[in-house]
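K.L.:
Return atomic coordinates for the entry below.
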Amino acid sequence: MRRQFIIVLACCCGISAASAKNYTLKNDKVQIAIDERGRLKSLKNLTTGRDYAGDGYLWRLYYERKGFKENEIAAGMQSSPEIEQKGNSLILTYPQVTHADTTVNVSLKLTVTLEPEMVRFSSEITNNQPHTIVRELHYPLIQDMRLPEDYKLFLPHTGGQVYDNPKELIEKHSMAKPYATPAQRFRQMPAAYPTRATTAGCSGNMASNCFAWWNDTEGLYLGSHDPKFQDTGHSLRLYPDGNKKFTRLETGFQKFPHVFCGETWVNTANVIAPYTGTWHKTSDFYKEWAKSWWEHRDSPEWVKKMKSWQRIIFKSQYGEYHYRYADLNGRIKKAGEDSGCDVVFPFGWWLEGMDNGNPDYSPNTEEGGDEAWKKAIADYKAAGGKILLYYNGKLIDRESDFYKKGKAKKIAYCDNTGAELTEQYRFTGNGSFLGSYDARTFCVADTRNAEWRKKLIQMADRARRLGANSVFYDQLGYAEAVTNWDLSREFPVPNHCVIADKARTLKEIRDHNAKFDPEFALGTEWLTDATANYCDYIHIYQVTAGPNSFIDWFRYTFPEVKVSDREVRDDNDIPRRVNNTVLKGLVNDIEIYRCRGLIDETPVYQAYLKKVNDIRDKYAYLLLAGTYRDTQGFTSTNREIEARAFVNGDSMAIVATRVSAGEPEETVIDVPGYKFRESSVLGNAQVKSDGTRATFGQNDLAVLVFDKI
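P.N.:
This next block holds a predicted model:
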């Protein structure tokens, strides 16, 4: 009898398993399968056989109602969706959702579409529930993702960062503020485009709206190809396993639709691609999408050939003069000449001094006013020098006339209660009081405001009248983590398109400048693709030569954009960091002692930079005006020796250097279709006469030039 029961039970189980239905889409490269409950059963690279799916649900949703701000709608707690297959698409419909056994009149339609190399995850939310707002949608999600042990995490933070041991990284950096998050449920490392955040312990922002998991031969690309450039969370979460260890990885995207009752929100931006090849494939995916909006102008030739700039504070935050106008054509010019640098980037050149008086920037009558400043600039330019004139693009000093006369109150960011948002900045003086207590306080201008845009354009016009070669606006290259709120409706809603607003502002300024002088350049601080689109150069934030730095990604994706290095402030670790700047095709941001000193106070930096800049001048048409091609178009056999290519016309330059210590090592270089012409070296690097082999010790540098056959 017992045996018969077991046989019947087994048969029943077999019938149940057979009746469970998977909906599958596949082509020659990608396969995706979703079961009748809406779980991700397969997300496979058919070339390699790698499957990333972890049998989890694709989404979660959050809504707010009066008295309770965050209500989670979990996919696993819903009835099975209606699923329909139409051609290359699966459509999952949830006519209503439930929360804690309560029906919420919100419908959700998810469309999964197979494209030639990727899967597109579209979503539509309709809210018919009175007195509610749908705040967040996390979709698509890969829950319990199968992450190979050799995979690294790539984030476009500061143009690119690559991290070993991603799960350890997420765990380590998930609690910057201990237990301010529900850490008993999951661990999440902050990562978002394009908002300012501390990610993996480093302050900055995502320069592009994508990220990836990869090794040397394959990976998984996740992109939010969003033409609105909305704030997007890059989900990096760990959930506990059966042993209560946080090992179960969840990854995907988080959007913030803020759907009021009676409204529908649609998003078609999110894609995932299992790919085969090197990381360059992820760049190719993003570049292909960027063609739909990228309109970077051909920058002036002088910008392309800009090697370095001296970033200097003339008058400090607290009224101390570090330098006078007369120094521009005295010690400042001499320090630049002795390092091969002919560009000056002056801060604090106005009467009030650095971080004071914005946006009044009163003529510095103590130095002779704008006429004296204009003459100093003209004298500096007479010998071929260039001036990048600084303004802040968003901060309004609460002690400025502009603020006190009331204009700022209609322009400034407000929080979710209508109160004015402020930021504070401080440098220390020789004492302790100023830096500890007496901070400069600002409100933040909303760049959507026509009055503020007019003010920014007036700044550009003044810079041009003063004879500068460029106008620069600080802090317009990122979205603030705390933004402007609209309180005009039932629920307050923040602006999640700040970077798009800043991009439109920069475009307006760029187009205005071009009408008067196409050689007049435009720059901003912080690297984000949407704003870099309209700038000739970017002053980056933060480091580009750190242990995880991989600005290679942004440079390869958008080689048109001139980007600086940062935080080389003294004589420490100079050859490695300067070599990295040459290797990646960056501009040296000379900011000695945080812009209060000059490079003649750091003799190691000055001497080494002069040697480097002499080589860059010699091959300026390639290393500066050429196109960065990363490792494409040539091979180098020794991975201890880093090498990158630059091309222009029929010529290619390969920059090569070595970071690691030890005895000299050789690499074999092959450049198909090219013939070696010449080379230049620093340190003890040696290049064979035919350019096929080169030998490097630690921090040696070589430039090899080849011409097409």
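K.L.:
can you list the domains in this protein?
P.N.:
15-290, 309-618, 627-708 (automatic domain parsing).
K.L.:
hey, where'd the helices end up in the stretch 451-600 of the chain?
P.N.:
Per DSSP state H, counting those that start in this stretch, the stretch 451-600 of the chain carries helices over the ranges 498-516, 529-532, 552-557, 574-584.
K.L.:
Distance to residue 39 and mean neighbour count for the ones you listed - can I get that in CSV?
P.N.:
Glycine gets a C-beta too; all of them are placed from N, C-alpha and C. CSV is the format used below for the helices of the stretch 451-600 of the chain (distance: least, C-beta to C-beta, whole Å; neighbours: other C-beta atoms under 10 Å):
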stretch, distance to residue 39, mean neighbour count
helix 498-516, 34, 20
helix 529-532, 34, 28
helix 552-557, 32, 24
helix 574-584, 43, 21
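K.L.:
As CSV, the ones you listed with mean pLDDT and distance to residue 81 would be great.
P.N.:
Shown next, in CSV, are the helices of the stretch 451-600 of the chain (pLDDT from 0 to 100; distance: least, C-beta to C-beta, whole Å):
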stretch, mean pLDDT, distance to residue 81
helix 498-516, 98, 32
helix 529-532, 98, 34
helix 552-557, 98, 36
helix 574-584, 98, 47
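K.L.:
Can you add distance to residue 666 and give the ones you listed back as a markdown table?
P.N.:
Formatted as a markdown table, the helices of the stretch 451-600 of the chain follow (distance: least, C-beta to C-beta, whole Å):
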| stretch | distance to residue 666 |
| --- | --- |
| helix 498-516 | 46 |
| helix 529-532 | 38 |
| helix 552-557 | 23 |
| helix 574-584 | 18 |
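K.L.:
Mind checking those for the one nearest to residue 391?
P.N.:
Smallest distance to residue 391 across those (C-beta to C-beta): 10.8 Å, for helix 498-516.
K.L.:
which secondary structure elements does the closest one contact?
P.N.:
Helices and strands touching helix 498-516, by 3 or more C-beta pairs under 8 Å, 6 or more residues apart in numbering; DSSP states H and E, are helix 450-465, strand 470-474, strand 521-525, helix 529-532.
K.L.:
closest one to residue 48 among those?
P.N.:
helix 529-532 (29.4 Å).
K.L.:
Not counting its own residues, what contacts the closest one?
P.N.:
Contact with helix 529-532 is made by 194, 207-209, 229, 290, 296, 476-477, 499-500, 502-503, 506, 524, 538, 554, 557-558, 561, as judged by C-beta atoms under 8 Å, 6 or more residues apart in numbering.
K.L.:
counting contacts, what elements does the helix or strand hosting residue 84 pack onto?
P.N.:
Here residue 84, judged by DSSP states H and E, is contained in strand 82-86. The contact analysis (3+ C-beta pairs under 8 Å, 6+ apart) places strand 82-86 against strand 22-26, strand 89-94.
K.L.:
so of those strands, which one's packed in deepest?
P.N.:
Counting by mean count of other C-beta atoms under 10 Å, strand 89-94 has the highest mean neighbour count of the helices and strands packed on strand 82-86, with a mean of 19.
K.L.:
measure the nearest residue to residue 701 once chain neighbours are set aside to residue 693 for me?
P.N.:
Excluding the flanking residues, the one nearest residue 701 by C-beta to C-beta, 6 or more residues apart in numbering is residue 682, at 4.2 Å. The gap separating residue 682 from residue 693 is 18 Å, by C-beta to C-beta, to the nearest Å.
K.L.:
Kindly report the same for residue 525.
P.N.:
Separation of residue 525 from residue 693 (C-beta to C-beta): 42 Å.
K.L.:
Compare the two and say which is more crowded by neighbours.
P.N.:
Taking neighbours as other C-beta atoms under 10 Å, residue 525 and residue 693 compare with residue 525 leading, 22 against 14.
K.L.:
Tell me what that one is bridged to.
P.N.:
When bridges are called by DSSP bridges, residue 525 pairs up with residue 539.
K.L.:
So for this protein, which residue is the most central one in space?
P.N.:
With distances taken as C-alpha atoms, centre = their mean, the residue of the chain nearest its centroid is residue 207 (1.5 Å).
K.L.:
Wait, that residue touches residue 527, no?
P.N.:
Yes - applying C-beta atoms under 8 Å, one finds residue 207 in contact with residue 527, separated by 4.6 Å.
K.L.:
Quick one: mean pLDDT for stretch 382-400?
P.N.:
Across stretch 382-400, pLDDT averages out at 97.
K.L.:
Quick check: buried residues in that stretch?
P.N.:
Neighbour counts over stretch 382-400 (16 or more other C-beta atoms under 10 Å) mark 385-398, 400 as buried.
K.L.:
hmm, which two among those are most spread apart?
P.N.:
Using C-beta to C-beta, the buried residues of stretch 382-400 span at most 35.6 Å, a distance reached by 385 and 398.
K.L.:
In contact with residue 698, which residues?
P.N.:
658, 659, 660, 661, 662.
K.L.:
give the contact list for the fourth one.
P.N.:
Counting by C-beta under 8 Å, 6+ apart, residue 661 touches residue 698.
K.L.:
What does it show for phi and psi?
P.N.:
Reported as degrees, to the nearest 10, the phi and psi values for residue 661 are phi -80, psi 170.
K.L.:
Residue 409 belongs to a helix?
P.N.:
Yes - under DSSP: H, G, I helix; E, B strand; the rest coil, residue 409 falls within a helix.
K.L.:
End to end on stretch 254-272, go ahead and measure it.
P.N.:
For stretch 254-272, the separation between the terminal residues is 14 Å (C-alpha to C-alpha, to the nearest Å).
K.L.:
Now render the domains of the chain as a markdown table, adding distance to residue 302.
P.N.:
As requested, the domains of the chain are arranged in a markdown table below (distance: least, C-beta to C-beta, whole Å):
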| stretch | distance to residue 302 |
| --- | --- |
| domain 15-290 | 23 |
| domain 309-618 | 6 |
| domain 627-708 | 16 |
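K.L.:
and of those domains, who's closest to residue 301?
P.N.:
If you check each of the domains of the chain against residue 301 by C-beta to C-beta, domain 309-618 wins as the nearest, at 8.4 Å.
K.L.:
Give me the distance from the closest one to the chain's centre.
P.N.:
Domain 309-618 sits 18 Å away from the centroid of its parent chain (C-alpha atoms, centre = their mean, to the nearest Å).
K.L.:
do stretch 684-699 as well
P.N.:
Averaging C-alpha positions (C-alpha atoms, centre = their mean) puts stretch 684-699 35 Å from its chain's average.
K.L.:
Buried residues of that stretch, list them for me.
P.N.:
For stretch 684-699, the buried set under the neighbour-count rule, 16+ other C-beta under 10 Å, comprises 685, 686, 687, 691, 694, 695, 696, 697, 698, 699.
K.L.:
Ok, stretch 36-49 next?
P.N.:
For stretch 36-49, the neighbour count (16+ other C-beta under 10 Å) marks 37, 38, 39, 40, 41, 42, 43, 44, 45 as buried.
K.L.:
any idea how far the closest residue to the second one other than its chain neighbours is from residue 58?
P.N.:
So that's residue 38. Nearest non-adjacent residue to residue 38, counting by C-beta to C-beta, 6+ apart: residue 81, 5.0 Å away. In this view, residue 81 and residue 58 are 10 Å apart by C-beta to C-beta.
K.L.:
For those two, list the residues in contact with both.
P.N.:
With C-beta under 8 Å, 6+ apart, residue 81 and residue 58 have common neighbours 38, 92, 110.
K.L.:
give me every residue that touches the first one.
P.N.:
Listed by C-beta under 8 Å, 6+ apart, the contact set of residue 38 reads 57, 58, 75, 78, 80, 81, 83, 92, 110.
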